[in-house]
Every structure is written in C-alpha cells, then in structure tokens.
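A.B. asks: Give me a 3D structure for the following:
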Amino acid sequence: MITAQDKILHVANKLGLTSLKDMQASTGAVYDVDTDLTGQIFSNASRHLQPQITNVTENQFEVNEALLVESISFYCLNTDNEVVNFQRTYGSGATIVFDLIIGNKRVVKDTPIFGFGSPYTFANSAVTQIAIGAATNTVVVPRHQVFMEGAGILIPPQVQWNVQYTIFNAVSGAIVAPTAATKVGCYLFGTKVLLNFNTSI
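C.D. replies: Here you go, the predicted structure:
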C-alpha cells in the first residue's frame, strides 16, 4: 500500500527536492472563497487576506512545502461571511461540477459532487440550543455537505493551483449562478509537509 508520505517523497524526488525527506508532515488545509463570482477559487487568494475568506496569501506553496489533497470540500458564505448550509442555500438538487488545475494541467476534470445524500462532514444541520447559565444561546452549526474524499492528489511546491466550478440544478440541468449572499468556497484538506526546523537549522 502506498502511503501519503510515499506519494509526497516520490513527487519530491522527481522535482529534485532532496531536503523534503527531512521535513515533518501534519494535517493541513487551504481554503478560499470565490468573492468575485467568477467560478474560480484560489486564483485571487492574495487579494483576500482575511481568515473568514482565505488562509493562503497566494495560490502556490513555498519551496519545500506541499499538500497531499485527501478531501475536497465546498461550502457557502453569506453576506456577513458566515458559513451557511450549501444544500439549504442552493436546494437539495444542487450539484457542483469542478476542475482542480495544478500548473497547466487539469488533474481533476468535470467531477460532480452532489449536495443531496452526502455525509455530514463536520456536524449535523441547522441550529443547536446551548444552555449557558440561565440563558440559552442558539448556535448555527455549519457543515460542508458537498465534498469528495480519497482524492490523493499532490500539490507540489512553487506550482500555482486553482479550482474552477459550476453549480447545476441536477433535476433541470440549469446552471445556478452564485451571488454575494451565496458565495462558494473550497477547502483542500490533507497531509501537509513543512520544514522540520530540528534538521533544517
């Protein structure tokens, strides 16, 4: 069985990154939101620079930094940049069809992810009542609802990547346009390697 580390080291060797073996891996994720409503995510991450929208400063990793993508998730933000339920926002028939582009190659092409019937990745739907002392607070519990697991795709260092997507109504086949109140974001989640300062300094 090929492990995540094997995949990362194989690509690193092909790229000539000899110091990658001295690095440590951990769980990591990158995310960004299509605030321009162009159907592209991560392309303009450098303009966002706020934690509600993105956690990357550009859509490429530094030298000796890489991400083995294991899950690809989509979600929605409202006008207050709060995570809202994708299925409730776009309807139970909503389908995202997306491409993952690394460098100049489409490594995932025309891949559909359905909103209905998907497992809950973070928590179940809607609101939760939490009692704090004498008061009861209502907390909205977000969930991605639309995601793909087991991707196994490596984004190497210093190569730009982006996600292109379209939302369809699976029943009518019509394209559903995102709005400022229904912006779409994407998480790329998996194993990330960073410099191991114990061996690098």
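A.B. asks: Let me see the ranges of the helices in the chain.
C.D. replies: Using DSSP state H, the helices found in the chain span residues 4-15, 86-90, 197-200.
A.B. asks: Compare the mean pLDDT across the ones you listed and name the weakest.
C.D. replies: The weakest mean pLDDT among those belongs to helix 197-200, with a mean of 45.
A.B. asks: List the contacts of stretch 41-61.
C.D. replies: 29-36, 67, 77, 81, 155-165, 184-186 (CB atoms under 8 Å, 6 or more residues apart in numbering). C-beta here means a position set from N, CA and C on the backbone, and glycine is covered the same way.
A.B. asks: ditto for stretch 94-113
C.D. replies: 69, 72, 74, 86-87, 114-116, 146-148, 151, 153, 155-156, 159-170, 176, 184, 186.
A.B. asks: Which of those fall within strands?
C.D. replies: 69, 72, 74, 114, 146-148, 151, 153, 155, 161-169, 176, 184, 186 (DSSP state E).
A.B. asks: Buried subset of those, written for ChimeraX?
C.D. replies: Only the buried entries of these go into this ChimeraX selection, using 16 or more other CB atoms under 10 Å:
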select :69,72,74,114,146,147,148,151,153,155,161,162,163,164,165,166,167,168,176,184,186
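A.B. asks: List the buried residues in stretch 181-191.
C.D. replies: Buried-residue list, stretch 181-191, by 16+ other CB under 10 Å: Thr182, Lys183, Val184, Gly185, Cys186, Tyr187, Leu188, Phe189, Gly190, Thr191.
A.B. asks: of these, closest to Val63?
C.D. replies: The closest of the buried residues of stretch 181-191 to Val63 turns out to be Thr191 (CB to CB; 18.1 Å).
A.B. asks: Per-residue pLDDT of the closest one, please?
C.D. replies: With respect to pLDDT, Thr191 has a value of 82.
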